[in-house]
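J.: My questions are about this predicted structure, shown below with the sequence.
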Amino acid sequence: MNLIRILLLALLVVYLLPALASAGLWYVRERPESWRNADWSSSGVLPKATADGDAAIYVLSAATGGLKGAVASHAWIVTKGAGDRVYNRYDKVGWGTPIRRNMREADGAWYSNRPNVVVAITGAEAARLIPQVEAAIQSYPYATPGAYRIWPGPNSNTFVAHVLRTVPDLGAVLPPDAVGRDYLPEGKLFSIDADGRDIHATLYGLVGISAGVRSGFELHFMGLVAGVDVARPALKIPAFGRLGM
């Protein structure tokens, strides 16, 4: 019984309290009533596509809308080939054609929330990786209408996490509030990144663990992630994100 109490207390302190605190802050902040009156315009976090001729890859993430915005974010991928004067943006959504190309501005706000850049790669390295990114996008197994579930996945973050795991040279993982990122495609319970440097074990995105060079050490529970990043020292706090570098 003591062990059960300790586990319940740990779940309360590590996962539930941060989620409740984030929900309280979300409740009192000003936000749009619906997607119709939300701001979707360019946030300016990316340079203009015409600024230079270099290839570029960006992964962006922003808090989502409605009540789920208190604990969850939405991620997407942006690419630009060498010499191109426009960006291509890829999102996984739950309506219509699931994987959308250029449905919004490349760095557009998401439900009025300014996006953060998760990773940015430019120049020759981006040019080398873009074909791999495009192949990973094409290989995503939940790309048909109806193949979307807000929680625990597969959702928008499941899609982007699939690309990051398939192309590990992108060198990034999604932030802790990217609910759905730990749902492994095709119902897998265990996965090793293509370069073998990160491992993932999960029970359909509900409870599990990730560990490795990019992930550090993470425990996820009901879509919320807690952990520590060693390579870029930081704590990963459920619903809030990273605290550190």
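T.: Cool, the structure landed.

J.: Could you pull up the contacting residues of residue 70?
T.: Residue 70 sits next to 19, 22, 23, 25, 26, 27, 239 when contact means CB atoms under 8 Å, 6 or more residues apart in numbering. Any C-beta I mention is one placed from the backbone N, CA and C, and that applies to glycine too.

J.: Now it. Nearest residue, chain neighbours left out?
T.: Computed as CB to CB, 6 or more residues apart in numbering, the closest residue to residue 70 that is not its neighbour in sequence is residue 26, at 3.6 Å.

J.: Which one of the contacts of residue 70 sits in the busiest neighbourhood?
T.: Taking other CB atoms under 10 Å as the neighbour criterion, residue 239 ranks highest of the contacts of residue 70 with 26 neighbours.

J.: list the contacts for that one?
T.: Taking CB under 8 Å, 6+ apart as the definition, contacts of residue 239 comprise 18, 19, 21, 22, 23, 70, 71, 176, 177, 224.

J.: The fifth one: what's it in contact with?
T.: Remark: with contacts taken as CB under 8 Å, 6+ apart, residue 23 is in contact with 67, 70, 71, 239.

J.: can you rerun that using 7 Å?
T.: Shown here is residue 23, whose contacts under the criterion CB atoms under 7 Å, 6 or more residues apart in numbering are 70, 71.

J.: Send me the host helix or strand of it as PDB with only the CA atoms.
T.: Using DSSP states H and E, residue 23 maps to helix 17-28. Backbone C-alpha positions of helix 17-28 (Å, rounded to 0.1, in the frame of the first residue of the first chain) are rendered in PDB as follows:
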ATOM      1  CA  LEU A  17      -0.200  19.700 -10.500                       C
ATOM      2  CA  PRO A  18       1.600  21.300 -13.500                       C
ATOM      3  CA  ALA A  19      -1.400  20.500 -15.700                       C
ATOM      4  CA  LEU A  20      -3.800  22.200 -13.300                       C
ATOM      5  CA  ALA A  21      -1.500  25.200 -12.900                       C
ATOM      6  CA  SER A  22      -1.200  25.600 -16.700                       C
ATOM      7  CA  ALA A  23      -5.000  25.200 -17.000                       C
ATOM      8  CA  GLY A  24      -5.500  28.000 -14.400                       C
ATOM      9  CA  LEU A  25      -3.200  30.300 -16.300                       C
ATOM     10  CA  TRP A  26      -4.800  29.400 -19.600                       C
ATOM     11  CA  TYR A  27      -8.300  30.200 -18.200                       C
ATOM     12  CA  VAL A  28      -7.400  33.800 -17.200                       C
END
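
J.: quick check, residue 138 in a helix?
T.: Yes - according to DSSP: H, G, I helix; E, B strand; the rest coil, the state of residue 138 is that of a helix.

J.: Tell me the predicted confidence for it.
T.: pLDDT, residue 138: 95.

J.: how many neighbours does it have?
T.: With other CB under 10 Å as criterion, residue 138 counts 9.

J.: all strands of this structure, in order?
T.: All strands of the chain, identified by DSSP state E, fall at 56-63, 73-80, 88-92, 99-101, 116-122, 190-192, 198-202, 207-212, 216-221, 224-229, 234-237, 241-244.

J.: Thanks again, I'm all set now.
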